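Undergrad: got a predicted structure plus its sequence, pasted below:
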Amino acid sequence: MAKLNLERTHLPKQKPEERVKNFNEVALGFTEDLAVKEAERCLQCPKHPCIDGCPVNNDIPGFIKAIKERNFVEAVRVLKKTNALPGICGRVCPQEKQCEAVCTLAKKNAPIAIGALERFVADWARAHPDMVPKDEIAPPTGKKVAVVGSGPAGLTCAADLAKMGHRVTIFDALHYAGGVLMYGIPEFRLPKQIVQEEVDYVASLGVEIRLDTVIGRMVTVDELLQKYDAVFLGTGAGLPMFLNIPGENLNGIYSANEFLTRINLMKAYLFPEYDTPVKKGKRVAVIGGGNVAMDAARCAKRIGYEEVYVVYRRGKAEMPARAEEVENAEEEGIIFKFLTNPKRFIGDEKGWVKAMECYEMMLGEPDASGRRKPIPKPNSEFTMEVDAVIVALGTSPNPLVSSTTPGLETTKHGTLVTDEKTGKTKKDRVWAGGDAVTGSATVISAMGAGKRAAKDIDAWLRGR
Amino acid sequence: MHQNEKSCSCSREAIWPECKFQIVRKERLAQNINLWEVTAPLIAERAQAGQFVMVRIHEKGERIPLTLADWDKSKGTITLVFMEIGKTTKQMGLLKECDCVPDLIGPLGAPTHVEKFGTVVCVGGGVGVAPAFAVARAMKSAGNKVINIMGARTKDLLFWENKMRSVSDELIVTTDDGSYGRKGVVTEPLKEVLEREKVNLVFAVGPAIMMKFCAATTKPFNVKTVVSLNPIMVDGTGMCGCCRVTVGGETKFACVHGPDFDGHLVDWNEFMARQRIYLEEEKLSLQLWENQMKGVQ
C-alpha cells in the first residue's frame, strides 16, 4: 500500500474581505500541479468505498489515477462516463457527506479532495474543448422521451437517455435551462456560465431543449404521452414554505426562492443594468439552516446588507447546510443566531417589516426526523430589529403537474409517489425524480434519481 | 447555444417551431394604452378567461405578468393590453408590428370559474377592461345575464366600448371627470344595480383600490365577489412566492391559487402595500432609461 500523505491540498479561495464585494466564484480551483499533488495522495484502495459513497457511482479512483498520471483527457473520459455535469457536481455536491466521508483517508481526517478534483477535471475539459473525447452515443432506437424540467434530475436523465440512443426533448417553464442551478444557486458558488456550458453539453448529445413551456398548463402530461413513448418528471421544488406566523407577508419579507431568483436568474445584483430589482437594506435575518439559507445570507452580504443574521431554531451541530458553506459564511461575517426562532414579524405604518420577535429555543426529545425537537423557552421572547427577512425553510411541491395529470399518485405532502429503485410512478409510462419526489434535497440526489430513472426507462423501452 | 439565441424570431423557431412570438398587430387603444396581438398558437389553444402570461422582452428585462385580453385559436394569436407606466411597459410601447418578444409563457393561473350563475356583473377599470371583456364574454356564453360596468379616469383612457357592448345585456360606462358616460366611479352604478335587481356574482378587475371598493360595495348585499389580483410576480409558475396574498387569513400564491380570489376575504391593505414594494427602484429604473433615451436623441 502507498504511503499515507495526510496533507490535504488546500483549495485556493478568494479572500473573504474581497469576495463579499463581488459575485465571482469563491473557490478558485486547483492548478494542474495542485491537482496532481492531491491526486498523488490517493491510495487507489482495492475496495474503493468512494464509488459506493457517490450517488451516481462515479469511477473516482479511475479519474484520480488519470490525473496523477497527468492524463487529463483520460480523466475527462472516465468522469463523463457516469456524470454529464461534473463542473456542477464538483462545486455543489456535499462531498463531505458522500464520497469524501467514506474515503479511506477520512479516518485520518484527511480525505482526498474528490470534489475539488472533479471540478478540476470538468474545468480542464471546458478549457480544452478540442482535446475532449466525443461521447459514444448508441445507435438510434427510434424511441422518444419527454423530460419535464431542466434541473439536475432532468438534465442527467436526458443525457443518459440520449447516450442510450433515444430521442429526448426537455421542457422547461423558465427562459433558461438549468432549473435550480440557474435560479437557486448563486454565481459565486456555481457560475452560470458553467451551468450553461453543461446544459449545452447535454444539448450536444442530441437533446432538444424547449424553454418557456409550462407542462401542466400549455401541454399536459397526457398530451406528451401521445407524442412520446415515456415521460420523466423532474419538476423540482415548488411553493416556498413559510412559518405561518403573524406579519409574514409584510413588505421586506422574502422567500429564499424569490430572493435568490431575483439575484441569480434575473441578475438583480446588477440592477439597474438589469431591470429586476431587489431591496437593499442594512439588517437582514435569514430564517433556516440549510444550504439555501447560507446562499441567501451570502447574497445579502454581497448586495450590501451590513448585518446579516442566520436565525436557526436548532444548534450548529444540527444545521443541514454543508460545513464548507457554513465556514465560508462565517468567514464572510455572517452572524449565526442558533436556538432562535421567530414568533412574529412587526411592521411599520407603511407595511414594511421593522423587527421580529423571537423565542430562544431549547432541544427536547428526538422527533420524527430523529433530530432533537426545538421547543420555545418560556418567557424568552426578545426583539431583533431588521429591515428585511428571508425565509429559507424549504418548499412544497408545485401542484401544476400533479393536479392536471390523472393517475399520478401523490403523498399527503404533494410529492410524487415513485418506486425508489426505478423512479417509476403509478402512472403508465411516467417516471419521476428529484425534489418533486423527495421534497427539498441535494443536486446530486436529484442527479442520482435521474440516472436510475434513465436506466429503467431504457430497459423498459428496449423490452417493448 | 440555442438557449442563448433569444433575440429574434428566427432563433425562437429552433426551440419551439410552432411558436413564434411575433407582434402581428399593434394598436394604440387610448393614451398610453397599447394592444398587442401576438402569435402564440400553443397559448391561444389553451387560453381561458382569467388566465395570464409572463412576458420578458429582452435579455436584461424583467418578467412581468399580463392578463389575457383575448385570443384566437384559428389564427394562433393572443391579445394583450398594457398601459405604459414603468420602464418595461414603456419599452414594450416602442416595439412595433413584426417585432418579436423572446419570452412569452402561459397560459398561467387558474381560469376564472365560469358557469350559469344567473345574473353576473363584470366591472372593469382602466386597463382592467381588457381582461374583464374575456370574462364577460365567457359568462355570456355560459348563459348568464351579463351587466358590464367599465370605468376610466377620463374619456381619452376609454377603449373597447363596442367590444364590451357586444357581450353585455347592459353596459354602463363611467368616467371620473364626467368627460364621457356617467360622471363618477364604477362603484356607484354597481351599488344601484345591486339595489335594483338580484345579482348572483360580481367579477371585478382593475386597480387594487377599485377592486377593494367593489368588494366593499357588494359586501352589504352579500353577493359573492371575485377579484382578479395583479401582484408583483417573478417566475409566475409557483416557485418564488413573491405574489403571495392573504385571503381569509391564509397565505395564497396568486400565480397558482389565483389570480381570482374572493374579494371579501382579501387583505387589501397588505395587498396594496405589496404592490408598492419596488416603487423607488421602478422610478429610478425609468428615470435612468429616459435620460439615456434623451441622450440618444
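TA: Thanks, I have it.
Undergrad: low-confidence regions, the stretch 101-250 of chain A specifically.
TA: Counting by pLDDT under 70, the stretch 101-250 of chain A contains no low-confidence segment.
Undergrad: quick check: residue A:385 touching residue A:355?
TA: Yes - using Cβ atoms under 8 Å, residue A:385 is in contact with residue A:355, at 4.9 Å. Bear in mind the C-beta positions are built from the backbone N, C-alpha and C, glycine included.
Undergrad: more crowded one of these two?
TA: Taking residue A:385 and residue A:355 together and counting by other Cβ atoms under 10 Å in any protein chain shown, residue A:355 has the greater number of neighbours (19 against 13).
Undergrad: name every strand pairing with the helix or strand harbouring the more buried one and say which way it goes.
TA: Element membership for residue A:355 (DSSP states H and E) is strand A:353-366. Strands that pair with strand A:353-366, judged by DSSP bridges, come out as strand A:340-347 (antiparallel), strand A:372-376 (antiparallel), strand A:382-385 (antiparallel).
Undergrad: and the first one, which residues are buried?
TA: Of the residues in strand A:340-347, A:340, A:341, A:342, A:343, A:345, A:346, A:347 count as buried by neighbour count, 16 or more other Cβ atoms under 10 Å in any protein chain shown.
Undergrad: could you pull out the strands in the stretch 151-297 of chain B for me?
TA: Listed in chain order, the strands found in the stretch 151-297 of chain B under DSSP state E, counting those that start in this stretch are B:170-175, B:182-183, B:201-205, B:225-228, B:244-247, B:250-253, B:260-262.
Undergrad: name the residues that touch the third one?
TA: If you take Cβ atoms under 8 Å, 6 or more residues apart in numbering or on different chains as the criterion, strand B:201-205 is touched by B:67, B:112, B:117-125, B:128, B:131-132, B:135-136, B:139, B:190, B:210-211, B:214-215, B:218, B:223-228, B:263.
Undergrad: now with 7 Å, please.
TA: Outside strand B:201-205, the residues that touch it by Cβ atoms under 7 Å, 6 or more residues apart in numbering or on different chains are B:112, B:117, B:120-124, B:128, B:131-132, B:135, B:210-211, B:214, B:218, B:223-228, B:263.
Undergrad: check the second one too.
TA: In this structure, residues lying in contact with strand B:182-183 by Cβ under 7 Å, 6+ apart are B:172, B:173, B:174, B:175, B:189.
Undergrad: between the residues you listed, which sits nearest chain A?
TA: Taking Cβ to the nearest Cβ as the measure, chain A lies nearest residue B:174 of the contacts of strand B:182-183, at 29.7 Å.
Undergrad: any idea what the closest one is bridged to?
TA: Beta-bridge partners of residue B:174, counted by DSSP bridges, are residue B:151, residue B:182.
Undergrad: now do the buried residues in stretch A:359-370.
TA: Neighbour-count burial for stretch A:359-370, with 16+ other Cβ under 10 Å as criterion, is recorded at A:359, A:360, A:361, A:363.
Undergrad: what sits against the third one?
TA: For residue A:361, the contact set (Cβ under 7 Å, 6+ apart) comprises A:313, A:339, A:340, A:341, A:374, A:375, A:376, A:377.
Undergrad: on that earlier part again, quick check, nearest of the buried residues of stretch A:359-370 to residue B:27?
TA: Minimum distance to residue B:27 across the buried residues of stretch A:359-370 is 57.7 Å, recorded for residue A:359 (Cβ to Cβ).
Undergrad: isn't the closest one right up against residue A:382?
TA: No - applying Cβ atoms under 7 Å as the test, residue A:359 and residue A:382 come out as separate, 8.4 Å apart.
Undergrad: hmm, which of the buried residues of stretch A:359-370 is lowest in pLDDT?
TA: Going through those one by one, the lowest pLDDT turns up at residue A:363, 92.
Undergrad: does it touch residue A:371 like I think?
TA: No - using Cβ under 7 Å, residue A:363 is not in contact with residue A:371; the gap is 8.3 Å.
Undergrad: what touches both of these two?
TA: With Cβ under 7 Å, 6+ apart applied, the overlap between the contact sets of residue A:363 and residue A:371 consists of residue A:314.
Undergrad: reformat the contacts of residue A:361 as CSV; add pLDDT.
TA: Conversion of the contacts of residue A:361 to CSV gives the following (pLDDT from 0 to 100):
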residue, pLDDT
A:313, 95
A:339, 96
A:340, 97
A:341, 96
A:374, 92
A:375, 93
A:376, 95
A:377, 94
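Undergrad: residue B:260 bridge partners, please.
TA: In this structure, residue B:260 has the following beta-bridge partners (DSSP bridges): residue B:228.
Undergrad: burial count for it?
TA: For residue B:260, the count of nearby residues is 22 (other Cβ under 10 Å).
Undergrad: isn't it up against residue B:226?
TA: Yes - at 5.1 Å, residue B:260 counts as touching residue B:226 under the criterion of Cβ under 7 Å.
Undergrad: need the residues touching each of the two.
TA: Common neighbours of residue B:260 and residue B:226 (Cβ under 7 Å, 6+ apart) are residue B:112.
Undergrad: return the set of buried residues in stretch B:31-42.
TA: The neighbour-count criterion (16+ other Cβ under 10 Å) identifies B:32, B:33, B:34, B:35, B:36, B:37, B:38, B:39, B:40, B:41, B:42 as the buried residues of stretch B:31-42.
Undergrad: show me where the stretch 51-200 of chain A has strands.
TA: For the stretch 51-200 of chain A, the strands identified by DSSP E, counting those that start in this stretch occupy A:144-148, A:167-171, in order along the chain.
Undergrad: point out the most buried one among the ones you listed.
TA: Across these, the average number of neighbours (mean count of other Cβ atoms under 10 Å in any protein chain shown) peaks for strand A:144-148, which reaches a mean of 27.
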